[in-house]
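J.: From the sequence below, what's the structure:
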Amino acid sequence: MTRRRWMTLLLIVSIALNLMFVGAFIGFSFMRPDVRPITPEVSTRWLYRALGEETREGMRPLFEQHREELGRLRGDIRDAQQAFEAGLNAETYDPDQVSATLTQVRRAHEAYQRASHEHMVALLGRLSPEQRQLVSKQLYRRQGRYLKNRGDDHRREGRQKDHVGPAGSEQP
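T.: Below you'll find the predicted structure:
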């Protein structure tokens, strides 16, 4: 190949790579969620970890009460899952029974989540605004890192790049 053909080929490859990167960047920009995801394990465990030792000690009776109630509800989930497993492993498959046990599993999970959220709301109501901001930051953490800013206007306002949580709370 002549030098001119190599240059033409190199130019075409360069343009193709640039278009690919620009397209990927634009595609990523439009596919970002407008809402930052919450950690999957939304429970009072992260709330407990986010609080200082003094606050935890003062709220220990509430956490103990919550632990007992959730322990009972976890037992209900386990029982419902065992009933579902028994239906799956039965000699003759009964779709009505399996469907009913799946309904039990779903209701047990919903009851657990409802109780957990109600208790969380009660605990959060006892915290100061500063403590709730700490909890908010803990809620939006993943594996020791803050989520990257996705789709909100905080970058344009000159705020920190790694902003998380509700408006007004920033990473320290």
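J.: how close does Glu91 get to Arg72?
T.: 32 Å (Cβ to Cβ, to the nearest Å). All C-beta atoms are positioned from the backbone trio N, CA, C, and that covers glycine.
J.: between those two, who's got more neighbours?
T.: Higher neighbour count among Glu91 and Arg72: Arg72, with 12 against 4, using other Cβ atoms under 10 Å.
J.: and that one, what helix or strand is that in?
T.: Arg72 is part of helix 53-89, with elements assigned from DSSP states H and E.
J.: just checking, what packs against that helix?
T.: helix 44-50, helix 95-124 (3 or more Cβ pairs under 8 Å, 6 or more residues apart in numbering; DSSP states H and E).
J.: Lowest average confidence across helices and strands of this structure, where is it?
T.: When each helix and strand of the chain is scored by mean pLDDT, DSSP states H and E, strand 145-146 comes last, with a mean of 42.
J.: any idea of the mean pLDDT in stretch 88-107?
T.: For stretch 88-107, mean pLDDT is 93.
J.: Could I get the CA-only coordinates of that stretch as CSV?
T.: Presented in CSV, the C-alpha positions along stretch 88-107 are these (Å, rounded to 0.1, in the frame of the first residue of the first chain):
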residue,chain,number,x,y,z
LEU,A,88,-42.1,-27.4,44.3
ASN,A,89,-40.7,-30.7,45.6
ALA,A,90,-44.1,-32.5,45.9
GLU,A,91,-44.5,-35.7,43.9
THR,A,92,-47.4,-34.2,42.0
TYR,A,93,-47.2,-30.5,41.0
ASP,A,94,-50.2,-28.5,42.1
PRO,A,95,-50.1,-25.0,40.4
ASP,A,96,-52.8,-23.7,42.7
GLN,A,97,-50.8,-24.6,45.8
VAL,A,98,-47.6,-23.2,44.4
SER,A,99,-49.4,-20.0,43.5
ALA,A,100,-50.9,-19.7,47.0
THR,A,101,-47.5,-20.2,48.6
LEU,A,102,-46.0,-17.6,46.4
THR,A,103,-48.7,-15.2,47.5
GLN,A,104,-47.8,-16.1,51.1
VAL,A,105,-44.1,-15.3,50.4
ARG,A,106,-45.0,-12.0,48.8
ARG,A,107,-47.2,-11.0,51.7
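J.: which residues touch it?
T.: Ile77, Ala80, Gln81, Ala83, Phe84, Ala86, Gly87 (Cβ atoms under 8 Å, 6 or more residues apart in numbering).
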